[in-house]
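Engineer: Could you work out the structure for the sequence below:
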Amino acid sequence: MKRLFSKANLFYLATGLIFTHELDGMINSEWRVLPLTSWLPEEIGRTAYVWLHVPLFGIVIALISSSNLTTRKRSRFWVSAFLVIHGLLHAGFMVHPHYEFSSLQSNLLIFGAAVCGLIFLIMDKRDRSV
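Structural biologist: Residues are numbered from 1 along each chain as shown. Purely as a prediction, here's the structure:
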């Protein structure tokens, strides 16, 4: 039987956290902080934020669930690396005047994904060195 705390399950948890964070991003008006959308009028920024996630999520899901083992492994590595960088970016953006991710829930989603991504990378490095 597969371990509950396997590398794959950790990655699935990380993915669930980041996808849910993007839902939380709607509540917290994340488009007001992102350099790509912050300069847009409110309604256009909100709409762009939503619709840009459709192809982004589709591509990420296709890559991390690819039947090609090499593609799947590399994609999971890079998504995990992104989660760590994403957490660092959020820490840096906390001083932005439009940053609204101050709730415990928001921080658990953001930094929980980052921690899961970091642990995944550590486990992945350990697996590759064995």
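
Engineer: drop to CA atoms for contacts and neighbour counts, all remaining ones
Structural biologist: OK.

Engineer: which stretches of the protein form strands?
Structural biologist: For the chain, no strands are identified by DSSP state E.

Engineer: low-scoring stretches of it, by residue?
Structural biologist: Along the chain, segments meeting pLDDT under 70 span 1-3.

Engineer: cutoff 50 now
Structural biologist: In the predicted model, the chain carries pLDDT under 50 at residues 1.

Engineer: Can you pull up the most central residue in it?
Structural biologist: Central residue of the chain (Cα atoms, centre = their mean): I18, 3.8 Å from the mean position.

Engineer: what's the distance between F5 and Y12?
Structural biologist: Counting by Cα to Cα, to the nearest Å, the separation of F5 from Y12 is 11 Å.

Engineer: So for those two, which residue has more residues nearby?
Structural biologist: In this view F5 and Y12 are compared by other Cα atoms under 10 Å, and Y12 has more residues nearby, 15 against 9.

Engineer: Give me the neighbour count for the closest residue to the residue nearest to the centre of the chain other than its chain neighbours.
Structural biologist: Excluding the flanking residues, the one nearest I18 by Cα to Cα, 6 or more residues apart in numbering is A113, at 5.8 Å. Neighbour count of A113, defined by other Cα under 10 Å: 29.

Engineer: Surely A113 is in contact with F19?
Structural biologist: No. Counting by Cα atoms under 8 Å, A113 stays clear of F19, with 9.5 Å between them.

Engineer: Please name the residues that touch T71.
Structural biologist: Counting by Cα atoms under 8 Å, 6 or more residues apart in numbering, T71 makes contact with 63-64.
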